[in-house]
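[1] Prediction below, plus the sequence it came from.
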Amino acid sequence: MKRNLQGLKLGVIANDDASLEGFKDLLAGLGCKSIFADTLSNIDWQGEINQQQADAWIVCVKDHDDDALADWLAEQNCALMLADEDIPQKDSASFGEWRQRWMQKLHKLRQGETQVARWPKQLWILGASTGGPEAVSEFLAALPDDLDAGFIYIQHSSVAGVPLIRQVVEKHSPYPVEIAEAGQAVAAGKVLMLGAKKRLLLNSQGMLEADGRAWASDFSPSIDQFVYSAATKVAAINSCQLGVIIFSGMAGDGAEACRFAQQRGAQIWVQSPESSISPYMPIAAAEIAEIEFSGSPKQLAKKISQQLSDAQVEVQAAEQVENQAGEQIPAAELDKVAS
């Protein structure tokens with residue numbers, strides 16, 4: 001294992017000295033080369049860090065809102081690996097599991113399997129339970145195949161039921177529907193379906209990450225848990241608009257998180273109760289959050305298409321105005337020509 005990782009050049013950014021030393025020890029033990037390692041408060045963002053040619057950066061920054069870090073991350077072209085969990089004590093049972101997870105991540109990086117996210121213009125979380133597969137299938141089938149939007153589908157299900165639901169939904173979708181795995185990146189034209197067994201959450205680089213835990217909820221997968229995670233991460237991404245659509249379902253999973261997400265700029269839509277097999281989830285969300293749009297699955301799809309089309313028209317109009325302004329000859333230059 002160690003031999004296969006030799007020569008892998010990694011940079012490490014951490015909140016504190018303990019986390020920094022923990023990752024430096026990990027990389028040294030695996031034979032990787034740490035070309036840069038420092039705590040967030042010590043980094044000169046215009047200095048040495050910009051001279052490093054890393055294969056990837058490990059960013060161990062948990063619950064820290066730092067504009068300089070965000071700007072720097074946005075400019076990186078290599079793989080970014082977010083470590084948003086505490087490093088277990090070396091004498092604990094969970095330390096070996098943590099080390100094994102990072103060994104697997106680094107091997108995937110060496111093999112070229114780590115994906116780099118390109119944030120889509122919009123990222124939509126589709127939450128559903130009873131009646132969900134029918135509603136989400138109808139919704140996806142009504143979408144054009146060229147939207148600059150990505151989708152994460154959270155369907156309450158048993159572990160055994162996930163592959164079958166995926167097959168049913170993909171038959172009607174213009175986009176591939178994949179069962180989500182750790183290390184996958186959000187992207188336009190892709191539907192990632194969360195599984196019921198392993199908890200996957202979104203990190204600040206648009207990657208799905210596993211923390212080795214099960215969904216801590218009465219529902220699997222948990223809409224609330226994922227939306228909380230996504231709203232925190234996507235709120236800092238200026239280029240991506242987060243949206244949540246609550247489809248047909250029982251109980252109230254997702255309602256509380258919708259209010260949280262809305263406070264951070266997310267759009268909250270619901271399937272209209274009259275078009276739902278089970279209207280309780282859309283109703284629960286509407287009782288807690290301010291719903292910006294409600295409609296049938298086809299109407300929801302049409303609304304997204306129109307929204308993205310209008311946004312593209314605005315961008316093109318702005319670019320045209322800018323180009324025309326650039327072509328105008330300043331008055332001072334006209335005077336020179338006249339003279």
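    Structure's in. What do you need?

[2] Surely I152 is in a helix?
    No. Counting by DSSP: H, G, I helix; E, B strand; the rest coil, I152 is not found in a helix; it is strand.

[3] Ranking helices and strands of the chain by mean pLDDT, which lands last?
    Using mean pLDDT, DSSP states H and E, the weakest-scoring helix or strand in the chain turns out to be helix 331-338, at a mean of 53.

[4] Who are the contact partners of I35?
    K9, L10, G11, Q52, Q53, A54 (C-beta atoms under 8 Å, 6 or more residues apart in numbering). Quick note: C-beta positions are derived from backbone N, CA and C, even for glycine.

[5] any idea which element the nearest residue to R101 once chain neighbours are set aside lies in?
    Spatially, and ignoring its direct neighbours in sequence, R101 is nearest to G212 (6.6 Å; C-beta to C-beta, 6 or more residues apart in numbering). Using DSSP states H and E, the element containing G212 is strand 208-214.

[6] what does W269 give?
    With DSSP H and E as the criterion, the answer for W269 is strand 267-271.

[7] part of a helix, is A187?
    No. The assignment for A187 (three-state DSSP) gives coil, which keeps it out of a helix.

[8] do you know how far it is from D148?
    A187 sits 10 Å away from D148 when distances are taken as C-beta to C-beta, to the nearest Å.

[9] likewise K298?
    Taking C-beta to C-beta, one finds K298 at 20 Å from D148.

[10] cool, Q100 as well?
    On the measure of C-beta to C-beta, Q100 and D148 end up 37 Å apart.

[11] more neighbours, the two?
    D148 (15 against 11; other C-beta atoms under 10 Å).

[12] Next up, the contacts around the more buried one.
    Taking C-beta under 8 Å, 6+ apart, we find D148 in contact with P120, K121, Q122, A188, L308, Q312.

[13] Point out where this protein drops to low pLDDT.
    The chain contains residues with pLDDT under 70 at 1-4, 62-65, 74, 77, 84, 111-117, 314-339.

[14] where along it do the strands fall?
    9-14, 33-39, 56-60, 79-82, 122-128, 149-155, 177-179, 191-193, 198-202, 208-214, 241-246, 267-271, 293-295 (DSSP state E).

[15] tell me, what's touching A187 and D148 both at once?
    Here A187 and D148 share the contacting residues P120, scored by C-beta under 8 Å, 6+ apart.

[16] what's the residue nearest to R264 when sequence neighbours are not counted in contact with, if anything?
    The shortest distance from R264 to any residue other than its chain neighbours is 4.1 Å, reached at A235 (C-beta to C-beta, 6+ apart). By C-beta under 8 Å, 6+ apart, the contact set of A235 is L242, R264, G265, A266.

[17] Quick one, which of those residues are buried?
    The neighbour-count test (16 or more other C-beta atoms under 10 Å) marks L242, A266 as buried among the contacts of A235.
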